[in-house]
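K.L.:
A structural model of the following input is requested.
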Amino acid sequence: MSESRRLSPTCTHWGNYLIESDGESILAVHPYKVDGEPTPIGQSLLNALDEGARVPRPMVRAGYLEHGRNSDGSGRGVEPFVPVSWDRALDVAADALRHTMDNNGPSSIYGGSYGWSSAGRFHHAQSQIHRFLGQLGGYVDSVNSYSTAAAEVIINHVLGIPFLKLVREAPPCGEIAQHAQTLVLFGGAAIKNTQVNAGGIGTHCAREQLIELKAAGVEIVNISPVRNDVISELDARWLACRPGSDVAIMLGLAHTLASENYTTGNLSTPILLALIVSCPTCWVKQTANPKMPTGPRSSLRSPLIRFANWRARWRQRAAPSASAGHYSARNSASRPTG
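P.N.:
The predicted model follows:
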């Protein structure tokens, strides 16, 4: 490499890279050697400094720039934005925030919804906004995330553990390979979903971990509308289902497991029992209309008829000495583990 070029490390949500530059422009993006399967998303950094794709200066709508808080807003979506200096932009924003706070209080200011923004905590835009507005006097915050909001609310009541803590403590593929005979995936373990992780990824090793399951003889069941939600190397048993039917399938499975006494003795598991307790309508003795896994008009008929043939083998294999090794996980193997 010539003396005019240099390599600078950077971290992103999709991995760590060495940026080759001449001091003014990015010339190349190199993954670290430790990352055996780097995502091509990293190459998007080559265009990150494209002036045509960025807003180079603060911009204010023409009507607001002229009339300030007295603007009637009629020009929104029509008027052009005018470039201004940072000093002018900060004065405009400060005036609007102070007027809103003084006249309507902190409940009138929304501090921004969940978002990843830049990797790391200091460069996380939402954290900076929240700190700034907190110094100003307060703001309206948001709870949960658009990715896992329902699980964050429900799982704590069903399993007695916060969802995000459960995700962090989920067994890695190596542990599943040692103790499990069957792994059921709702929604698969798509490799494309393992390219990014909030805060960054040291190495993309999901494929390697999944293949470890196959090498250990673990049977993979993919309940998903899409076959390639699981890599082909796993030879997964695919139970095709209609989009949006996963909860109904879970209720059908719970009904079968409960009504056929899979919940007794050594086959009991906390997750299964929690599902049955939290969804009493799937319990055959408590309703005249249980969530049956099959029926002439059931969207579950195809995958669960195949499950009916499969469960006989499951019962035979689930001897007391091995029963504790059965896992039912959603995307537990799709997350790289450190």
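
K.L.:
how close does I176 get to T12?
P.N.:
29 Å (Cβ to Cβ, to the nearest Å). The C-beta positions use only the backbone N, C-alpha and C, and glycine is treated the same way.

K.L.:
shaky segments in this structure?
P.N.:
Within the chain, the stretches with pLDDT under 70 are 1-3, 113-115, 257-258, 260-338.

K.L.:
the domain parsing of it - what is it?
P.N.:
6-53, 149-329 (automatic domain parsing).

K.L.:
got the end-to-end distance for the first one?
P.N.:
Spelled out, it's domain 6-53. 25 Å (Cα to Cα, to the nearest Å).

K.L.:
same thing with stretch 34-46?
P.N.:
So stretch 34-46: terminal residues 21 Å apart, Cα to Cα.

K.L.:
what sits up against it?
P.N.:
10, 12, 14-17, 19, 26, 28-29, 31-32, 195-196, 202-205, 207-208 (Cβ atoms under 8 Å, 6 or more residues apart in numbering).

K.L.:
if you set the cut-off to 6 Å instead, what comes out?
P.N.:
Contacts to stretch 34-46, defined as Cβ atoms under 6 Å, 6 or more residues apart in numbering, come from residues W14, G15, Y17, I26, V29, P31, Q195, T203, H204.

K.L.:
over to stretch 79-86?
P.N.:
For stretch 79-86, contacts defined as Cβ under 6 Å, 6+ apart pick out R57, P58, M59, V60, R61, A62, G63, L65.

K.L.:
next up, the contacts around the fourth one.
P.N.:
When you say that, I think you mean V60. Contacts for V60 (Cβ under 6 Å, 6+ apart) come out as V82, V84, V92.

K.L.:
returning to what we had before: for V226, state which of the contacts of stretch 79-86 is nearest.
P.N.:
For the contacts of stretch 79-86, the minimum distance to V226 (Cβ to Cβ) is 41.5 Å, reached by M59.

K.L.:
residues near the closest one, how many?
P.N.:
Neighbourhood size, M59 [other Cβ atoms under 10 Å]: 14.

K.L.:
quick check: beta-bridge partners of it?
P.N.:
Beta-bridge pairing of M59 under DSSP bridges involves P83.

K.L.:
close enough to count as contact, V140 and Y110?
P.N.:
Yes - the criterion here is Cβ atoms under 6 Å, and V140 meets it with Y110 at 4.9 Å.

K.L.:
which residues are in contact with both of these two?
P.N.:
Contact criterion Cβ under 6 Å, 6+ apart; residues shared by V140 and Y110: none found.

K.L.:
helix, strand or coil for D102?
P.N.:
Of the three states, D102 takes helix under DSSP: H, G, I helix; E, B strand; the rest coil.

K.L.:
next one: it from I129, what distance?
P.N.:
D102 sits 20 Å away from I129, going by Cβ to Cβ.

K.L.:
who's more crowded, these two?
P.N.:
Higher neighbour count among D102 and I129: I129, with 14 against 9, using other Cβ under 10 Å.

K.L.:
what secondary structure does the more buried one sit in?
P.N.:
Here I129 is helix, with the state taken from three-state DSSP.

K.L.:
quick check: closest non-adjacent residue to it.
P.N.:
Of all residues not flanking I129 in the chain, G112 sits nearest, at 5.1 Å (Cβ to Cβ, 6 or more residues apart in numbering).

K.L.:
work out for me the element P9 sits within.
P.N.:
strand 6-12 (DSSP states H and E).

K.L.:
er, L27 I mean
P.N.:
If you go by DSSP H and E, L27 is part of strand 26-31.

K.L.:
quick one: contacts of that strand?
P.N.:
Y17, L18, I19, E20, S21, P38, G42, Q43, L45, L46.

K.L.:
over to the third one: give its phi and psi.
P.N.:
Same thing as I19. phi -90, psi 120 (degrees, to the nearest 10).

K.L.:
same check on the fourth one?
P.N.:
With angles defined as degrees, to the nearest 10, E20 shows backbone torsions of phi -90, psi 130.

K.L.:
ok, and the closest non-adjacent residue to it?
P.N.:
Distances taken as Cβ to Cβ, 6+ apart put A28 closest to E20, at 4.1 Å, once the chain neighbours are dropped.

K.L.:
ok, now which ones touch E20?
P.N.:
R5, L7, L27, A28.

K.L.:
what's the most distant pair in those residues?
P.N.:
L7 and L27, at 10.1 Å, using Cβ to Cβ across the contacts of E20.

K.L.:
where's R98, which helix or strand?
P.N.:
Assessed by DSSP H and E, R98 sits inside helix 86-104.

K.L.:
buried sites along that helix?
P.N.:
With burial defined by 16 or more other Cβ atoms under 10 Å, the residues of helix 86-104 counted as buried are A89, V92, L97, M101.

K.L.:
which residue is the nearest non-sequential neighbour of the first one?
P.N.:
Excluding its sequence neighbours, the residue lying closest to A89 (Cβ to Cβ, 6+ apart) is P58, at 3.5 Å.

K.L.:
look up phi and psi at the one you found.
P.N.:
P58 adopts backbone torsions of phi -60, psi 140, taken as degrees, to the nearest 10.

K.L.:
and if you look at N222?
P.N.:
phi -110, psi 100.

K.L.:
lovely, talk soon.
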